[in-house]
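K.L.:
Sequence unavailable; structure follows:
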């Protein structure tokens, strides 16, 4: 047990000073040792989650995604969908999907899990708000987003902003992040509106020529 604890402290210390490559080697060795010693599935999931974070720090996002997927489904199997740890890992997995521009997969996952977070944690919980923010990002950042998608993104962020300001305050990081993404979503919506108007005008001009 003491050796496992020491390895965890070493990995955390290396990450704290941005020695992520060294931290990765320690975490991989720790995971291998814990498996060999028959650690519980819960313990292994914690180490895997840390390992995924280090992969992300190193820019190895596809490898991080694979681990985050395993961690999420492991938590789901071990704890059920309503456990807070499962909800956290669902958000981590969705954020990584969105960062890799796999927006439809991120939205599909979040549609399922946001309703669980609302029911279990409530509308005003920080996790619920961050899940809704990530869902909105996966809507407005998608190059294939429709006007309806952009409207849904804006309304989702407006509602999340209202709740966040009331519960967390205007200076809370979650609130300021939601407000920033709301401005970006509004900008994307306005740009899409302008493009739609341009297309309509061109079609009208073509009709006049005929």
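P.N.:
That came through fine. Computed from a predicted structure; not experimentally measured.
K.L.:
quick one, helices of this protein?
P.N.:
Per DSSP state H, the chain carries helices over the ranges 2-16, 20-36, 41-57, 61-79, 84-99, 103-120, 126-140, 147-167, 173-209.
K.L.:
now those as CSV including mean neighbour count and mean pLDDT?
P.N.:
For the C-beta atoms, the positions are set from N, CA and C on the backbone; glycine is no exception. Shown next, in CSV, are these (neighbours: other C-beta atoms under 10 Å; pLDDT from 0 to 100):
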stretch, mean neighbour count, mean pLDDT
helix 2-16, 14, 41
helix 20-36, 17, 73
helix 41-57, 19, 84
helix 61-79, 18, 93
helix 84-99, 22, 94
helix 103-120, 18, 96
helix 126-140, 23, 96
helix 147-167, 18, 96
helix 173-209, 13, 71
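K.L.:
separation between the residue nearest the centre of the chain and residue 148?
P.N.:
By C-alpha atoms, centre = their mean, the mean C-alpha position of the chain lies nearest to residue 95, the distance being 2.0 Å. Going from residue 95 to residue 148 by C-beta to C-beta, to the nearest Å gives 24 Å.
K.L.:
Please enumerate residues in contact with stretch 88-103?
P.N.:
With contact meaning C-beta atoms under 8 Å, 6 or more residues apart in numbering, stretch 88-103 is reached by 49, 52, 56, 61-62, 64-65, 68-69, 71-72, 75-76, 105-106, 109-110, 113, 127, 130-131, 134-135, 137-139, 141-142.
K.L.:
repeat that for 6 Å
P.N.:
61, 64-65, 68-69, 71-72, 75, 105-106, 109-110, 113, 131, 134, 137-138, 142 (C-beta atoms under 6 Å, 6 or more residues apart in numbering).
K.L.:
From the chain's centroid, how far away is that stretch?
P.N.:
4 Å (C-alpha atoms, centre = their mean, to the nearest Å).
K.L.:
again, but for stretch 130-147
P.N.:
With C-alpha atoms, centre = their mean, you get 11 Å for stretch 130-147.
K.L.:
now stretch 89-109
P.N.:
On C-alpha atoms, centre = their mean, the centre of stretch 89-109 falls 6 Å from that of its chain.
K.L.:
And it, end to end?
P.N.:
Using C-alpha to C-alpha, to the nearest Å, the end-to-end distance of stretch 89-109 comes out at 11 Å.
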